[in-house]
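Engineer: Turn this into a model:
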Amino acid sequence: MEKEAAQEIQLQIIDQEDHAKTTNNPTDEKIKTPTGRRNRLLRVALYAVFVLAGQSIAILLGRLYFQEGGGSKWVATLVQVTGFPILIPYYFLNLSNTRILDKPIETEKSSLKWVIFVYVSLGLLVAGICFMYAVGIQKLPVSTVTLISASQLGFNAFFSYFLNSQKFTPFIINSLVLLTVSSVLLVFQPDSEKAAGISKEEYTVGFLCTMGGTAGTGLLLALQQVVFRKVIKGQTFKTIVDLSIYQAFFATVFATVGFFASGDWKGVNAEMEGYKLGKVSYVMTLVWTAIGWQIFDMGSIALIFEVSALFCNSISVVVFPMVPIIAIFVFHDKFGGIKIISLVLAIWGIVSYVYQHYLEDRKSKKEAEFTSEVPEVTASNGRG
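Structural biologist: Numbering: from 1, shown residues only. I've put the predicted structure just below:
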């Protein structure tokens, strides 16, 4: 579930800066025709489906793995990051060096050692986030995990305040309060709404790990913004894909080390034999979980390039209230009064958060338009 945003990949990297698209986008001229606009709309709809379906399927299959007899938290961690090779075909597109933002790219690049250190550090953080989410999915109902995960937006705003000079506007503060209350309410769920066979102690561990993974995701998004600004020093299609692939690669390395160091690899055959749905279903559950996360990544990258990071963020957060509803029918999750209140507060907080970034996006576009008009006025005065 780390992908929920890293996903998305680097949604906050662009949202809090200038969102104007560059005029050298190769699709600019094509989308001016009716056919071009229609085709672009179809592409955007397809990418949005990738984001929503990929993330939803991956989360639900992650829970299915544990519910039907899976027990390795490291296996559940690995499937969240090992599918990154699916993103490699992006390198063959003719968009590799296309700039995402209409702002100068710094020519002074960071040293290769420093860039590698950053990728390794982010990979370690991603592996830790995925492991904590795996623990949460193992011990909590899917609906509870996704409702808690909605607070990642609040954590991102909190960390961005210190790392990226994020302003605490009334809408952001409102979002922080609502998402915090939404998560805290879930502590008081009645035992009847908790996962079968899970004790209070295990529920507490699952809750704390999910909160830790959620906080880690918020920190990851804020750090990624710092990386693009201070280390990579350039926001192009290629650098976004680079960050997604390399951090997933190193996360896979760390998760693999954990998998073997913990001894979980010794029990894989027995786990496969005892899987309630059979061996084939065991393998397919893991394979499609990994594919689901990468479909989410592919859709996120495409939406960032095709529309904007703000739009991608708005689409991806729809999963938080959507998955709990799906879980009622798939896993028969109990959805009592506390969860309903938590869901309403989470939706309210998400809307408040997205609306604030919509206001910032609109403001940045107006400033960009004003800046582009200034030279014309100056030139006109000179001729007069």
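Engineer: contacts, neighbours, all on C-alpha from now
Structural biologist: Noted.
Engineer: Tell me if His332 really is in a strand.
Structural biologist: No. Counting by DSSP: H, G, I helix; E, B strand; the rest coil, one finds His332 to be coil, located in no strand.
Engineer: how many other residues sit next to the nearest residue to Phe171 once chain neighbours are set aside?
Structural biologist: Nearest-residue entry for Phe171: Ser352, 5.5 Å, with adjacent residues in sequence omitted and distances by CA to CA, 6 or more residues apart in numbering. Counted with other CA atoms under 10 Å, residues neighbouring Ser352 total 20.
Engineer: can I assume Ser352 is in contact with Val177?
Structural biologist: No. Applying CA atoms under 8 Å, one finds Ser352 not in contact with Val177, separated by 10.7 Å.
Engineer: quick one on the thing from earlier: tell me the contacts of the residue nearest to Phe171?
Structural biologist: Phe171, Ile172, Asn174, Ser175 (CA atoms under 8 Å, 6 or more residues apart in numbering).
Engineer: now it: how far from Tyr358?
Structural biologist: Relative to Tyr358, Ser352 is positioned 10 Å away (CA to CA, to the nearest Å).
Engineer: Could you list the single helix or strand in this structure with the lowest mean pLDDT?
Structural biologist: Lowest by mean pLDDT, DSSP states H and E among the helices and strands of the chain is helix 11-15, with a mean of 45.
Engineer: after it comes which helix or strand?
Structural biologist: helix 34-67 (DSSP states H and E).
Engineer: Which strands or helices does the next helix-or-strand element following that following helix pack on?
Structural biologist: Per DSSP H and E, helix 34-67 leads on to helix 73-78 as the next helix or strand towards the C-terminus. Contact partners of helix 73-78 among helices and strands, from 3 or more CA pairs under 8 Å, 6 or more residues apart in numbering; DSSP states H and E: helix 112-139, helix 237-261.
Engineer: What average pLDDT does helix 73-78 get?
Structural biologist: Here helix 73-78 scores 96 as its mean pLDDT.
Engineer: Give me the phi and psi for Gln166.
Structural biologist: phi -60, psi 130 (degrees, to the nearest 10).
Engineer: Go ahead and confirm it touches Ala157.
Structural biologist: Yes. Under the criterion of CA under 8 Å, Gln166 is in contact with Ala157, at a separation of 6.8 Å.
Engineer: okay, Gly299: pLDDT?
Structural biologist: 86.
Engineer: Just list the residues touching it, thanks.
Structural biologist: Under the criterion of CA under 8 Å, 6+ apart, the contact partners of Gly299 comprise Glu8, Tyr47, Ala48, Val49, Phe50, Val51.
Engineer: try 10 Å this time
Structural biologist: Shown here is Gly299, whose contacts under the criterion CA atoms under 10 Å, 6 or more residues apart in numbering are 7-9, 44-54, 305, 312, 316.
Engineer: Val205 too?
Structural biologist: Going by CA under 10 Å, 6+ apart, Val205 touches Met132, Val135, Gly136, Lys139, Leu140, Ser199, Met211.
Engineer: any chance of these in JSON lines, plus distance to Phe331, neighbour count and pLDDT?
Structural biologist: Shown next, in JSON lines, are the contacts of Val205 (distance: CA to CA, whole Å; neighbours: other CA atoms under 10 Å; pLDDT from 0 to 100):
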{"residue": "Met132", "distance to Phe331": "21", "neighbour count": "27", "pLDDT": "97"}
{"residue": "Val135", "distance to Phe331": "18", "neighbour count": "24", "pLDDT": "96"}
{"residue": "Gly136", "distance to Phe331": "16", "neighbour count": "29", "pLDDT": "95"}
{"residue": "Lys139", "distance to Phe331": "14", "neighbour count": "27", "pLDDT": "93"}
{"residue": "Leu140", "distance to Phe331": "12", "neighbour count": "24", "pLDDT": "92"}
{"residue": "Ser199", "distance to Phe331": "19", "neighbour count": "13", "pLDDT": "87"}
{"residue": "Met211", "distance to Phe331": "22", "neighbour count": "23", "pLDDT": "95"}
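Engineer: want to throw those residues into a markdown table with distance to Ala368?
Structural biologist: Listed next are these as a markdown table, based on distance: CA to CA, whole Å:
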| residue | distance to Ala368 |
| --- | --- |
| Met132 | 41 |
| Val135 | 45 |
| Gly136 | 44 |
| Lys139 | 48 |
| Leu140 | 46 |
| Ser199 | 56 |
| Met211 | 38 |
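Engineer: Tell me the one among those residues nearest to Ser72.
Structural biologist: The shortest distance between Ser72 and any of these, using CA to CA, involves Val135 and amounts to 9.4 Å.
Engineer: How about Val51: what's its closest non-neighbour residue?
Structural biologist: Among residues not flanking Val51 along the chain, Phe296 sits closest, at 4.4 Å (CA to CA, 6+ apart).
Engineer: For burial, what's the neighbour tally of Cys284?
Structural biologist: One correction, residue 284 is Met, not Cys. In terms of burial, Met284 registers 12 neighbours under the definition other CA under 10 Å.
Engineer: Could you do Asn156 as well?
Structural biologist: Taking other CA under 10 Å as the definition, Asn156 ends up with a neighbour count of 23.
Engineer: Three-state assignment for it, please.
Structural biologist: Under three-state DSSP, Asn156 comes out as helix.
Engineer: where's the spatially closest residue to it that is not a sequence neighbour, which helix or strand?
Structural biologist: Nearest-residue entry for Asn156: Gly218, 3.8 Å, with adjacent residues in sequence omitted and distances by CA to CA, 6+ apart. Counting by DSSP H and E, the element that carries Gly218 is helix 200-226.
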